[in-house]
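In: Just a sequence and a predicted model for now, questions to come.
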Amino acid sequence: MILIRTPDESDKLALVQADGPFFTTPHFDGYNAVLIRASRLGEIGRDELAEVIEDAWCACAPKTVVRAWLAERVR
């Protein structure tokens with residue numbers, strides 16, 4: 001299994017409730033993260049996976065680094 005951090009509970013719920021391979025368990029109640037079985041990773045498109053990973057990184061990285069990275073992407 002792969003754990004992917006989410007920015008907040010609403011993002012977690014959106015991923016889990018969508019018709020896709022993301023899920024959670026009671027062990028992760030109260031923790032902003034979703035799980036995915038590695039065997040189902042192919043069910044996620046590259047763009048969706050990139051967005052989920054970028055959101056996870058933005059949730060964990062220092063805010064100044066995130067702001068600089070986002071500003072660079074807009075150019």
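Out: Noted; the coordinates are in hand.

In: Remind me what the host helix or strand of residue 34 packs against, helices and strands.
Out: Element membership for residue 34, per DSSP states H and E: strand 33-36. Using 3 or more Cβ pairs under 8 Å, 6 or more residues apart in numbering; DSSP states H and E, the elements in contact with strand 33-36 are strand 2-5, helix 9-17. For the C-beta atoms, the positions are set from N, CA and C on the backbone; glycine is no exception.

In: now the ones you listed in TSV, with mean pLDDT and distance to residue 52?
Out: Shown next, in TSV, are the helices and strands packed on strand 33-36 (pLDDT from 0 to 100; distance: least, Cβ to Cβ, whole Å):
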stretch	mean pLDDT	distance to residue 52
strand 2-5	94	6
helix 9-17	94	7
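
In: Out of the ones you listed, the one nearest residue 62 is which?
Out: For the helices and strands packed on strand 33-36, proximity to residue 62 was assessed by Cβ to Cβ; strand 2-5 is nearest, at 14.7 Å.

In: could the helices and strands packed on strand 33-36 be laid out in a markdown table, adding mean neighbour count and distance to residue 70?
Out: Listed next are the helices and strands packed on strand 33-36 as a markdown table, based on neighbours: other Cβ atoms under 10 Å; distance: least, Cβ to Cβ, whole Å:
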| stretch | mean neighbour count | distance to residue 70 |
| --- | --- | --- |
| strand 2-5 | 14 | 17 |
| helix 9-17 | 14 | 17 |
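
In: Minimum distance to residue 46: which of these has it?
Out: Here strand 2-5 is closest among the helices and strands packed on strand 33-36 (Cβ to Cβ), at 14.8 Å.

In: The closest one - contacts with which helices or strands?
Out: strand 33-36, helix 46-60.
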